[in-house]
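**Student:** Next come a sequence and a model predicted from it.
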Amino acid sequence: MRISLNSAQTAFRDEVRAFLAAELPPDIAERVKFGKSVSKNDLITWTRILNGRGWAAPNWPQAHGGTGWTLVERHLFDVECRVAHAPALSGFGFNMVGPAIVRYGSDEQKASLLPQILNADLWWCQGYSEPQAGSDLASVRTRADRDGDDYVVNGQKIWTSGAEHADWIFALVRTDTKAKPQRGISFLLIDMTSPGVTIEPLYAFNGKRLWNQVFFDDVRVPCGNRLGEENHGWTVAKSLLGDERLLVSRVAENKRLLGILRETLIQTDCAAEFGAAFSSLEIRLAALEMTSLRILTEADKGGQIGAEPSMLKLKGSQLIQAMDSLLLEAVGYWGLPVDAGGGGMAMGPDYAEYAASGLFHHRGYTIAGGTSEVQHNIIAKQVLGL
Ligand SMILES: Cc1cc2nc3c(=O)[nH]c(=O)nc-3n(C[C@H](O)[C@H](O)[C@H](O)COP(=O)(O)OP(=O)(O)OC[C@H]3O[C@@H](n4cnc5c(N)ncnc54)[C@H](O)[C@@H]3O)c2cc1C
């Protein structure tokens, strides 16, 4: 099967490319390219530039500020942005809670929260995982007990990425302890400045503050901050993924890394030594992109999609990790020092400085968004009928 872009898709891609060449601030792109810390201000700047063009939330309905693009167009946009080293916008606001507010929010919630997400005025984090609830998310224990027009929330979340920057957290909380696990959960939007919320950092292997623990100690949350019906939070949480689950192949990020790898092999004079390994990755990426485009085209036509996203997630995350390994091998010892964004003096050339940090960071892709074992289970059940 051969898939090529039609003329409208090619024109669309060229329009995005021209926009990026003109509007993406070069200093931000350089920080992204070399894996340096991208600040909250960088992200706000880029979000507002995109919002000014009406492109901040391609996945939202047009009535709420979306673009009306097809899935294939969204894929092309994503690839162009990543290859140009644009920072990825906050997925918590744009891909998770935003679409959930569109679908389940009251008119007040939509009017107040959606424009603030679009303009990067309101930052979110995701409060799902708990020490005893990860892959088995329905076992969340954080409790929310009714008291008049409020809930009183007590419990703990863990692995909460970006909590230190977030204004609000969307959290799964238990509102009925007697019902079946999935039935007793509600979806709450909680202001992080509420009395009783505390945040403690968790550091990743590369020294970066990648996560946090968030503690709730008698935190009062107005019932009006619930999204969807009481005890129906599981339905809201499941819907968060929606079309997003089709865009998990990380093709765009892989293309960006392949470009960096190509440049690095040339700069380090390693093209001959690692040429075959590079070509093998390039072929794997081409296969992943073709498969991804085939599935997106099918979905755009209204086709039914089954376990394919699990395959794309597995293959995409494994490919990124293979790219990281080859990059580190190519840059050798220059890639070993890890500076956790602390502004220390660079030990080697730009292209090597964050090679190890990137490799450590991307190990998390095996777990985040559903572990590889869970993806294997889905494939075993849905495809192999096991
Ligand atoms: C980079 C990163 C960012 C994250 N950000 C957030 C965030 O912002 N908010 C948030 O709420 N969470 C976040 N998480 C947490 C993530 O969602 C959980 O780590 C994930 O759901 C797995 O849960 P767990 O860590 O409790 O592991 P567990 O579910 O306890 O799994 C432990 C091991 O057992 C395996 N396993 C579990 N169940 C099965 C099964 N049925 N069959 C076979 N094997 C199984 C798993 O694959 C894994 O290897 C993040 C994680 C990472 C790595």
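**Tutor:** Arrived safely, thanks for sending. Keep in mind it's a predicted model, so treat the numbers as computed, not measured.

**Student:** okay, CA-based contacts and neighbour counts for the rest of this
**Tutor:** Noted.

**Student:** Give the rounded mean pLDDT of stretch 323-333.
**Tutor:** The average pLDDT for stretch 323-333 rounds to 91.

**Student:** Now do the same contact list for Leu240.
**Tutor:** Leu240 makes contact with Asn95, Met96, Val97, Pro99, Ala100, according to C-alpha atoms under 8 Å, 6 or more residues apart in numbering.

**Student:** Nearest to Leu288, out of the residues you listed: which one, please.
**Tutor:** Each of those was scored against Leu288 by C-alpha to C-alpha, and Asn95 proved nearest at 22.2 Å.

**Student:** Tally up the residues packed near Gly224, please.
**Tutor:** Per other C-alpha atoms under 10 Å, the neighbour tally for Gly224 reads 14.

**Student:** cool, and the one 10 residues further on?
**Tutor:** Around Trp234 there are 21 other residues, counting by other C-alpha under 10 Å.

**Student:** So which residues on the stretch 151-300 of the chain come close to the ligand?
**Tutor:** Neighbours of the ligand within the stretch 151-300 of the chain, by C-alpha under 6 Å from any ligand atom: Trp159, Thr160, Ser161.

**Student:** Mind checking which of those land in helices?
**Tutor:** Among these, no residue falls in helices (DSSP state H).

**Student:** From Ile367, how far off is Ser135?
**Tutor:** As judged by C-alpha to C-alpha, to the nearest Å, Ser135 and Ile367 stand 9 Å apart.

**Student:** Could you say which helix or strand holds Ala252?
**Tutor:** Element membership for Ala252, per DSSP states H and E: helix 251-267.

**Student:** Just give the number of residues close to the nearest residue to Ala299 once chain neighbours are set aside.
**Tutor:** With C-alpha to C-alpha, 6 or more residues apart in numbering as the criterion, Ala299 has its nearest non-adjacent residue at 6.8 Å, and that residue is Ile305. Neighbourhood size, Ile305 [other C-alpha under 10 Å]: 12.

**Student:** next one: Gly275
**Tutor:** Using other C-alpha under 10 Å, Gly275 has 13 other residues around it.

**Student:** ok, now Asp27?
**Tutor:** There are 10 residues near Asp27, going by other C-alpha under 10 Å.

**Student:** Now do the same for it: helix, strand or coil?
**Tutor:** Put simply, Asp27 is helix when judged by DSSP: H, G, I helix; E, B strand; the rest coil.

**Student:** list the contacts for it?
**Tutor:** Under the criterion of C-alpha under 8 Å, 6+ apart, Asp27 has no neighbours.

**Student:** now do the one 4 residues further on
**Tutor:** By C-alpha under 8 Å, 6+ apart, the contact list for Arg31 reads Ser37, Val38.

**Student:** Then Lys33?
**Tutor:** Contacts of Lys33 by C-alpha under 8 Å, 6+ apart are His85, Ile260.

**Student:** please redo it, this time with the cut-off set to 10 Å
**Tutor:** By C-alpha atoms under 10 Å, 6 or more residues apart in numbering, the residues touching Lys33 are 27, 82-87, 256-257, 260, 350-351, 354.

**Student:** surely the residue nearest to Ala299 meets Ser292?
**Tutor:** No - applying C-alpha atoms under 10 Å, one finds Ile305 not in contact with Ser292, separated by 11.7 Å.

**Student:** Common neighbours of those two, please.
**Tutor:** Jointly contacting Ile305 and Ser292 under the rule C-alpha under 10 Å, 6+ apart are Leu246, Glu298.
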